[in-house]
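Asker: Dropping the sequence and predicted coords here.
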Amino acid sequence: MIVLKFSTTNLKMAVIFLALIATVSISIGCKGPKNAVSNNPHKENSSKTQKNTENFDEFYHKFHTDSVFQMSRIRFPLEGKMINGQDEIEWTKDNWMLMRTKISDIDPKQYKTSYKKTETTFYQKFWLENSGLSAEYRFELIGKKWFLVYALDQNL
């Protein structure tokens, strides 16, 4: 049988050494899981927003292919109007003309197009040069879902 004898000084040093190793081990192991709460509220909110926010491309496709979905994503009264000659008509559920063609599918040989996307808006416009025919639409992220919030159709 081996008996180890420690002096009081050696015992104190051993306890301090073990405490130091335990502290370092705990510190290394406590980096936390990847989804741990961040001390930066802006970073946490932006990552949560991105995870729970509707994907615009998926929304945009469904908006143009599903009429029931499209009507559910327009908040009437819709800003903008339909202008046909001298007549200016406000948009309502009853006179809304379903959008079926995505801006990317408009024939560039016939129409001019432009669009701009940010994290919270998508603006698109197409027009027939020198004709008075044009259309502008604006989609916005409201809460965590996309909506059409503005439509201007002109035929002057």
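Answerer: Yep, that arrived.

Asker: Could you verify that residue 68 is part of a helix?
Answerer: Yes: assessed with DSSP: H, G, I helix; E, B strand; the rest coil, residue 68 lies in a helix.

Asker: Counting neighbours, what do you get for it?
Answerer: Applying other Cβ atoms under 10 Å, we find 7 residues neighbouring residue 68. Every C-beta, even on glycine, is put in place using the N, C-alpha and C of the backbone.

Asker: again with residue 82
Answerer: Applying other Cβ under 10 Å, we find 18 other residues in the vicinity of residue 82.

Asker: Looks to me like it is in a helix.
Answerer: No: looking at residue 82 with three-state DSSP, it is strand, so not inside a helix.

Asker: Give the helix, strand or coil label for residue 113.
Answerer: strand.

Asker: How about residue 71?
Answerer: The assignment at residue 71 comes out as helix when based on three-state DSSP.

Asker: Relative to residue 57, how far out is the residue lying closest to it once chain neighbours are set aside?
Answerer: Counting by Cβ to Cβ, 6 or more residues apart in numbering, residue 93 is the residue found nearest to residue 71 once chain neighbours are left out, at 6.9 Å. Look at residue 93 and residue 57: by Cβ to Cβ, to the nearest Å, they are 26 Å apart.

Asker: before we move on, what about residue 68?
Answerer: The spacing between residue 68 and residue 57, counted by Cβ to Cβ, is 20 Å.

Asker: need the strands for the protein, in chain order.
Answerer: Secondary structure of the chain by DSSP state E: the strands cover 74-84, 87-91, 112-117, 121-128, 133-142, 145-155.

Asker: okay, the ones you listed in CSV with mean pLDDT and distance to residue 98 next?
Answerer: As requested, the strands of the chain are arranged in CSV below (pLDDT from 0 to 100; distance: least, Cβ to Cβ, whole Å):
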stretch, mean pLDDT, distance to residue 98
strand 74-84, 95, 10
strand 87-91, 96, 12
strand 112-117, 97, 19
strand 121-128, 98, 16
strand 133-142, 98, 13
strand 145-155, 98, 11
